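how does the following fold in three dimensions:
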Amino acid sequence: MLEVAVIDTAAAAAASLEPTRSRLLAELGTPGSATSLAARLGLPRQKINYHLRELERHGLIELVTERRRGNMTERVMRATAQSFVISPSALGGVAPDPRRGVNEFSARWMLAVAARLVQEVGTLLDRSARAHRPLATFTIDSELRFASAADRAGFSTELALAVATLVARYDSPQSEGGRAHRLVLALHPSITRPAETATPADTITPADREN
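Below you'll find the predicted structure:
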């Protein structure tokens, strides 16, 4: 079972988002059969079987084993991943395109860039799995607190300069044996309150009010 899998088709996305199938995916983090799932969810086994077939058809669950139960064969299934991410490619023509309206200070452009990241890494993961080769990646995930909006602006300026310096030092566009890589850095306020209790004011800090 994978830690994370990317769903890249509209049909698979629809299958994963259907309420009963979404619950089945969560339940199948550990292997189970239609009989055991029916008992846990309080639904008819025939209905569970129908949903399992749809999930299996889209590669969201897989067969673990088969075992005889009286005059029937019971299929034990499990999810193909612990969690799933839906790629923007599943949205087709309405998927966000970061090439439109480039603006490093725009939160919406950040979302478009993040969406592209999910799509491209999902594609690369699929290709590396089929080639039985590891995918070379590097991720930094950190959190910091700014005392003021001025500090945040200063940090952004210095970070941009540091990245530009490193890119200039290591970028080798003419290298015949090299391979292009994409670098994405994102800085945004942390979410500190759950959605059900958050208010619009939660997106503004005292430091923001200085400007």
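
the residue nearest in space to the middle of the chain and A5: what is the separation?
Per Cα atoms, centre = their mean, the C-alpha nearest to the average position across the chain is that of V85, at 3.5 Å. Between V85 and A5 the distance is 7 Å, computed by Cβ to Cβ, to the nearest Å. Backbone N, C-alpha and C define where each C-beta goes, glycine included.

residues touching whichever strand or helix holds A115, excluding its own?
Per DSSP states H and E, A115 falls inside helix 107-131. Residues outside helix 107-131 that contact it (Cβ atoms under 8 Å, 6 or more residues apart in numbering) are 6, 8, 85, 87-89, 95-98, 100-103, 134-135, 137, 182, 184, 186, 188.

would you write a ChimeraX line that selects the buried entries of those residues?
Remark: buried members of the contacts of helix 107-131, expressed as a ChimeraX selection using 16 or more other Cβ atoms under 10 Å:
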select :6,8,87,88,89,96,98
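
how far away is the nearest residue to L144 once chain neighbours are set aside from S142?
Of all residues not flanking L144 in the chain, F155 sits nearest, at 7.9 Å (Cβ to Cβ, 6 or more residues apart in numbering). For F155, the distance to S142 (Cβ to Cβ) stands at 12 Å.

which of these two has more neighbours?
F155 (13 against 5; other Cβ atoms under 10 Å).

and the more buried one, what is it in contact with?
By Cβ under 8 Å, 6+ apart, the neighbours of F155 are 144, 146, 187.

helices along this structure, start to end?
10-17, 19-27, 34-41, 45-57, 107-131, 149-170 (DSSP state H).

hey, least reliable of those by pLDDT?
Lowest mean pLDDT within the helices of the chain: helix 107-131, at a mean of 89.

quick check: closest non-adjacent residue to R57.
A15 (7.8 Å).

same check, this time on A95
Excluding its sequence neighbours, the residue lying closest to A95 (Cβ to Cβ, 6+ apart) is P88, at 3.8 Å.

per-residue confidence at the one you found?
90.

and it, what does it touch?
Taking Cβ under 8 Å, 6+ apart, one finds 95-96, 115-116, 118-119 in contact with P88.

could you check how far it is from A129?
20 Å.

try R193
38 Å.

out of those two, which sits in the busier spot?
Per other Cβ under 10 Å, whichever of R193 and A129 has more neighbours is A129, with 13 against 9.

contacts only, for A5.
80-81, 83-85.

local confidence estimate at the closest residue to A11 other than its chain neighbours?
For A11, ignoring the flanking residues on the chain, the nearest one in space by Cβ to Cβ, 6+ apart is H58 at 6.3 Å. What the model reports as pLDDT for H58 is 96.

likewise L187?
83.

cool, and P194?
pLDDT, P194: 71.

now the one 4 residues further on
According to the model's per-residue confidence, A198 sits at a pLDDT of 56.

just the one 4 residues further on next, same as before
Looking at D202, its pLDDT is 50.

burial count for the residue nearest to A11?
Neighbours of H58 using other Cβ under 10 Å come to 17.

got a list of what it touches?
Here H58 is in contact with 9, 11-12, 15-16 (criterion: Cβ under 8 Å, 6+ apart).

now S156
Contacts of S156 (Cβ under 8 Å, 6+ apart): L187.
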